[in-house]
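Let me see the structure of the following:
(2 chains)
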Amino acid sequence: MLHIAHIRENKDAIIAALKKRHIDATASIEEVLTTDEKRRSTQQELDSNLAEAKKVAAVIGQLFKEGKTDEANAAREKTSDLKTANQELDARLKELEATLVQQLAAIPNAPHESVAAGKDSNDNEEVRSHGDATVSAHHTPHWELTEKYGLIDFETGVKITGAGFPIYTGKGAKLQRALIQFFLDEAQAAGYTEVIPPLVINEASGFGTGQLPDKDGQMYHATEDDLFLIPTAEVPITNMYRDEMINESDLPIKNVGYTPCFRREAGSYGKDVRGLNRLHQFDKVEIVQIEKPEHSYETLEAMVKHVEGLLQKLELPYRVLRLCGGDMGFTSALTYDLEVFSAGQDRWLEVSSVSNFETYQANRMKLRIKREDGKKELAHTLNGSALALPRIVAALLENNYDGEQIRIPAALVPYTKFEFIR
RNA sequence: GGAGAGGUGGGUGAGUGGCUGAAACCACAUGUUUGCUAAACAUGCGUACCGUAACAGGUACCGGGGGUUCGAAUCCCCCUCUCUCCGCCA
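This next block holds a predicted model:
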């Protein structure tokens, strides 16, 4: 959620920035400013009325104390008009405040200056690439390999739950655990503190990071208790700091968490959902940082470098994309996607998304920094996948298959305890 | 699931209708003193919104919402969370 004072002062710049998302926000920004104007004048009126009512009440109290009952009763009668007026003003103010939040929450984050205007993923900009993305001679997609070597049982997953809930078996299961452990160890070496958060969240947390109300159809909802299954560890880990005031000296806060993630993925179809490409439940290690505004873009770059380091150790060819305005998530100011090359499918697969949300989430969550000099301001939040497992597994299997066996990258062998799948 | 107790500022915790945005202590900040550290003393120290060039000033907030009252942290109602005991159970 953009901050109202910020919109008031930078109206044109924000409209221009939002144009990069291919949306014309002129009307919605004007609407917000109108509501804000009404809200402020209503508050002013209410505040001065309340101030008067308070004075009268103090006078009445004093009169009673002095035994001047008649005067006190006379004064009391005069307060009723003020009281009804204030009740109306109060109701109007609350309504305006609720409307304002609603209108503000519907406006996406303003993209960073480095974000290009663009409509969809075709307009994303390749920042750099690494490794040799030539197609393997074997062209065997991972869903054939997982079956051939008994690594994943998709069919039984369908029986016990439904499509998109695979069962990892034998070396397939060990490979999952190895990757998780590897990613956690690497994050710890980079200074992140591991947390194991809840896998279900309440509505306030969903609102804080921006999943609610806009994307509630994407989360599994346990209606009996009004709780949601997490779509990413970003939600619980960032919301740890909701409604908190963090001392400047405690920043940056760097947390990493492994969790399963649950996504309904309504509307997906075709080759995108084949095999491990898109699942309803998958494992992911997520890195989350709370930063000072002046450091957040440096931090974003460092987080991307961290993810690149993982891909390099796994010997996977990858490319880094800077998303264009139209392809970027609702809450992000700047997002880098990392994609690995999948030799069996001859296509790039997104394995990580690293974003700086600036104050957008922090404003929703009331996550603030207390500076050394006592001043308060909203923090910046960032997060990134480091890494999501399924497509990494897909690429590892496909890219390292030589027709006979699948080789495990050297960095991972200490974790898998096996060098080949054959 | 049943019964009871309780949610007050960064923390502990006082406060049962007006003098309370809130005592005291701790923590924190600044200053004085002092070889250093520490200690002692003094002062300051909640948040949001409105307002101001900046001060000033104003309003709200004692878990959340509603009510009673001229006036509510304090009385009433609903909700929620935490704790204790019982039940159930990994």
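
ok, the closest residue to RNA strand B within the stretch 151-300 of chain A - how many residues close by?
Distances between the stretch 151-300 of chain A and RNA strand B by Cβ to the nearest atom of the strand are smallest at residue A:245, namely 6.4 Å. Bear in mind the C-beta positions are built from the backbone N, C-alpha and C, glycine included. For residue A:245, the count of nearby residues is 12 (other Cβ atoms under 10 Å).

go on, residue A:95?
So residue A:95, with other Cβ under 10 Å, has 14 neighbours.

Same check on residue A:320?
For residue A:320, the neighbour count with other Cβ under 10 Å is 21.

What helix or strand is it located in?
Residue A:320 belongs to strand A:318-322 when assigned by DSSP states H and E.

can you pull the contacts of residue A:385?
Contacts of residue A:385 were listed using Cβ atoms under 8 Å, 6 or more residues apart in numbering, and they are A:232, A:284-287, A:307, A:351-354.

go on, residue A:138?
A:343-344, A:401-403.

Most neighbours among the residues you listed, please name it.
The residue in those with the most neighbours, by other Cβ under 10 Å, is residue A:343 (26 neighbours).

my guess is that one contacts residue A:396, does it?
No - applying Cβ atoms under 8 Å, one finds residue A:343 not in contact with residue A:396, separated by 10.3 Å.

Now the residue of the stretch 151-300 of chain A closest to RNA strand B: phi and psi?
Dihedral pair for residue A:245: phi -110, psi 120, per degrees, to the nearest 10.

Model confidence for the residue nearest the centre of chain A, exactly?
A centroid search over chain A (Cα atoms, centre = their mean) returns residue A:209, at 5.0 Å, as the residue closest to the centre. We have a pLDDT of 88 for residue A:209.

Just to be sure, residue A:309 is in a helix?
Yes - under DSSP: H, G, I helix; E, B strand; the rest coil, residue A:309 falls within a helix.

what secondary structure does the residue of chain A found nearest RNA strand B sit in?
Residue of chain A nearest RNA strand B, by Cβ to the nearest atom of the strand: residue A:61 (2.9 Å). Under three-state DSSP, the three-state class of residue A:61 is helix.

now the helices: where do they sit in the stretch 1-150 of chain A?
Applying DSSP state H, counting those that start in this stretch to the stretch 1-150 of chain A gives helices spanning A:4-9, A:11-19, A:26-65, A:69-77, A:79-105, A:142-148.

Out of these, which is the most enclosed?
Highest mean neighbour count among those (mean count of other Cβ atoms under 10 Å): helix A:142-148, with a mean of 20.

helices or strands next to that helix in the packing?
Packing partners of helix A:142-148 (3 or more Cβ pairs under 8 Å, 6 or more residues apart in numbering; DSSP states H and E): helix A:389-399.

elements contacting the helix or strand that contains residue A:304?
If you go by DSSP H and E, residue A:304 is part of helix A:296-313. Helix A:296-313 sits against strand A:125-130, helix A:171-189, strand A:281-291, strand A:318-322, strand A:334-342, strand A:347-356, strand A:380-388, with contacts defined as 3+ Cβ pairs under 8 Å, 6+ apart.

Neighbouring strands of the helix or strand following the longest one in the sheet, and parallel or not?
The one in question is helix A:171-189. Sequence order places strand A:193-194 as the next helix or strand after helix A:171-189, per DSSP H and E. Partners of strand A:193-194 in the sheet, by DSSP bridges, are strand A:253-262 (parallel).

Would you mind listing the buried residues in the strand it pairs with?
Neighbour counts over strand A:253-262 (16 or more other Cβ atoms under 10 Å) mark A:253-259, A:261-262 as buried.

Put together JSON lines for these, with pLDDT on each row.
Output for these, formatted as JSON lines (pLDDT from 0 to 100):
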{"residue": "A:253", "pLDDT": "90"}
{"residue": "A:254", "pLDDT": "93"}
{"residue": "A:255", "pLDDT": "94"}
{"residue": "A:256", "pLDDT": "95"}
{"residue": "A:257", "pLDDT": "95"}
{"residue": "A:258", "pLDDT": "96"}
{"residue": "A:259", "pLDDT": "95"}
{"residue": "A:261", "pLDDT": "95"}
{"residue": "A:262", "pLDDT": "94"}
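
Among those, which one sits closest to residue A:189?
Minimum distance to residue A:189 across the buried residues of strand A:253-262 is 10.6 Å, recorded for residue A:256 (Cβ to Cβ).

Can you name the residues of chain A that neighbour RNA strand B?
Residues of chain A lying close to RNA strand B (Cβ under 7 Å from any atom of the strand) are A:4-5, A:40, A:43-44, A:46-48, A:50-51, A:53-54, A:56-58, A:60-61, A:64-65, A:76, A:79-80, A:83, A:94, A:245, A:368, A:370, A:374, A:376.
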